[in-house]
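*Asks:* Structure of the sequence below:
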Amino acid sequence: MSRYKIGCQLIIYGSRPGEDLPGVLAEISAAGYDGVETGNLTTDGRSIDEAMALLTSHNLELAGVHTGYGSPGQFDEMIAFTEAMGCGYLMVSGVGGRDTLEDYKRAAEVFNKVGRRCHDAGIKFCYHNHSWEFKDFGGTTGLVTLYESTDPKSVHACVDTYWVQHGGEDPAAFLKKYADRVAYLHFKDMNPDGSFGEVGHGILDWAEIMKAVEGVNAEWLTVEQDRTDKTPEESVTMSCRYMRETLGI
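*Replies:* Model (predicted):
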């Protein structure tokens, strides 16, 4: 049995989870996933117990929770939801302004405060990268500055394979370099034209990526394909099948 669980980020379904969450979960479960990564599932009046029951009814776990950047107080709701659901991972993307290294340092101050609160609640707070954090600032990058300015015990990395490649670096090498910082992974592939692709159906070297993943203390490998030219059901099924059958997860 694989040491990893496979998650699916709901972003590929667009607005549909807000309109038909049971239908979305049914498709993801049928595709073979172990869990889903979502936002706050109680914002439309659903209770914590109802959210848990809905996931359980589709044999899915809550792999992680995702939110955007804000002040320390703006994370209150998401931390409370993550903790109440018994979920171990809260992802954040974005740093507010990103034009100078000072922007990243200011974001790091926020993340250190939120990260400590998450650590105390038994949650791993993870920064999700895109490619703009790889912009060079005179010999360093925004992402390096963010990592160096945050406490590794309470601010972890959610590494997105596509965005590392898009940012000009090799995903496998990046994972090896920051192996002790990574707590969660987003898997998506890159098509030859640079667009988002299903895992195993693009140009990324998944054999090398998986070798690097072996050195990372991660529980979830979560598929996060932002958009697709197929139906979401087709895309999530293709990615999961490749991960199960070819990567042996």
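
*Asks:* and the longest strand for the chain?
*Replies:* strand 61-68 (DSSP state E).

*Asks:* Mind listing what's buried along that one?
*Replies:* E61, L62, A63, G64, V65, H66, T67 (16 or more other C-beta atoms under 10 Å). All C-beta atoms are positioned from the backbone trio N, CA, C, and that covers glycine.

*Asks:* residues in contact with that strand?
*Replies:* By C-beta atoms under 8 Å, 6 or more residues apart in numbering, the residues outside strand 61-68 that reach it are 5, 7-9, 34-40, 55, 75, 78, 81-82, 85-94, 126, 128, 158, 184, 220, 222.

*Asks:* same thing but at 7 Å, please
*Replies:* 5, 7, 34-39, 55, 75, 78, 81-82, 85, 87, 89-94, 184, 220, 222 (C-beta atoms under 7 Å, 6 or more residues apart in numbering).

*Asks:* now swap in stretch 8-15 and tell me
*Replies:* By C-beta under 7 Å, 6+ apart, stretch 8-15 touches 17, 24, 28, 33, 36-38, 186, 222-226, 228, 232, 235-236.

*Asks:* Of those, just the buried ones, ChimeraX syntax please.
*Replies:* In ChimeraX syntax, the buried subset of those is picked out as below (16+ other C-beta under 10 Å):
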select :17,24,28,33,36,37,38,186,222,223,224,225,228,232,235,236
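
*Asks:* Which ones among the contacts of stretch 8-15 map onto helices?
*Replies:* Of these, the ones assigned to helices by DSSP state H are P17, V24, I28, P232, S235, V236.

*Asks:* Can you pick out the most distant pair from these?
*Replies:* P17 and S235 (15.0 Å; C-beta to C-beta).

*Asks:* Okay, strands next: where are they in this protein?
*Replies:* For the chain, the strands defined by DSSP E occupy 5-9, 35-38, 61-68, 89-93, 124-128, 156-160, 182-187, 189-190, 196-197, 220-223.

*Asks:* average pLDDT across the fifth one?
*Replies:* This means strand 124-128. Averaged over strand 124-128, pLDDT sits at 98.

*Asks:* In contact with the residue nearest the centre of the chain, which residues?
*Replies:* Nearest to the geometric centre of the chain sits H186, at 4.6 Å (C-alpha atoms, centre = their mean). Residues in contact with H186 (C-beta under 7 Å, 6+ apart) are Q9, H128, C158, V159, D160, T161, T222, E224.

*Asks:* my guess is the fourth one meets N129, correct?
*Replies:* Yes. With the criterion set as C-beta atoms under 7 Å, V159 and N129 qualify as a contacting pair; they are 6.5 Å apart.

*Asks:* who's more crowded, the two?
*Replies:* Taking other C-beta atoms under 10 Å, V159 and N129 do not tie; V159 has more neighbours (28 against 23).

*Asks:* picking up where we left off before, and the contacts of H186, which is closest to D205?
*Replies:* Comparing these against D205 with C-beta to C-beta places T161 closest, at 9.9 Å.

*Asks:* Leaving out sequence neighbours, find the closest residue to the closest one.
*Replies:* P171 (4.4 Å; C-beta to C-beta, 6 or more residues apart in numbering).

*Asks:* now do T140
*Replies:* Using C-beta to C-beta, 6+ apart, the closest residue to T140 is L101 (7.3 Å).

*Asks:* any idea how far the one you found is from V110?
*Replies:* L101 is 15 Å from V110, where distance means C-beta to C-beta, to the nearest Å.

*Asks:* what does E83 give?
*Replies:* 19 Å.

*Asks:* do the same with V216
*Replies:* Distance from V216 to V110, by C-beta to C-beta: 25 Å.

*Asks:* Next, count neighbours for the closest residue to R241 other than its chain neighbours.
*Replies:* Spatial nearest neighbour of R241, excluding adjacent residues (C-beta to C-beta, 6+ apart): G32 at 7.1 Å. G32 has 16 neighbouring residues, counting by other C-beta under 10 Å.
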